[in-house]
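1. here's my sequence, what's the structure:
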Amino acid sequence: MIFKRDILGCFFLLSIGVMIGLGVNALSFTGIALMGQWDPDQGVVMAGANKAHAVDVLQISNPLKVKRLVESGTMIVIDVRWPEIYDLGHIPGALNFPLGDFEEEKKELLSRITPEDEILVYCAGVTCHDSHTFATHLVEMGFAHVAVYAGGFAEWEEMGFDVAGKGTDP
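-> Next comes the predicted model:
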């Protein structure tokens, strides 16, 4: 009889723990997306996104491929972090258009890019979703060739690639 009570107590504690964990995850800015457009190789492509947008936004996870694209000069690179952070270091040649200023800066952005351009968007790293949101806005505006660098600046710097800013190239 004591054994049955112990099992029920463990089950109760486990249930409470799962509910608290799901609640904290749901309220956290960096929580794990439990629903969304999934890709078995990449995980969540875009949480809560409808399939049309998720398919149009390519996610590049290979930093060596990103480096080749940046060095080729064929893509316009957009850093969506805040200017203060961008100024501390960014991918060479990247334009700075923070996600938080998207509506205010849209006219300036459109004067520098066209819907036919190949665009690579990045932010701080894998836990930052601003690049996906920014890329989705571009797709909604009719841009056809938009990709997101999933590893962002953190991975770029970790790989030891050249960094602009930090007293070097603006």
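
2. what's the distance between residue 108 and residue 8?
-> 63 Å (C-beta to C-beta, to the nearest Å). Placement of C-beta: from N, CA and C, glycine included.

3. just residue 158 next, same as before
-> From residue 158 to residue 8 the distance is 48 Å (C-beta to C-beta).

4. repeat that for residue 141.
-> Residue 141 is 56 Å from residue 8, by C-beta to C-beta.

5. those two - which one has more neighbours?
-> residue 141 (13 against 10; other C-beta atoms under 10 Å).

6. please report phi then psi for the more buried one.
-> phi -90, psi 0 (degrees, to the nearest 10).

7. try residue 139
-> According to degrees, to the nearest 10, residue 139 has phi -60, psi -40.

8. so for this protein, the centremost residue is which one?
-> Centroid-nearest residue in the chain, with C-alpha atoms, centre = their mean: residue 129, separated by 3.5 Å.

9. can you pull the buried residues of stretch 66-84?
-> Neighbour-count burial for stretch 66-84 flags 66, 69-70, 75-82 (criterion: 16 or more other C-beta atoms under 10 Å).
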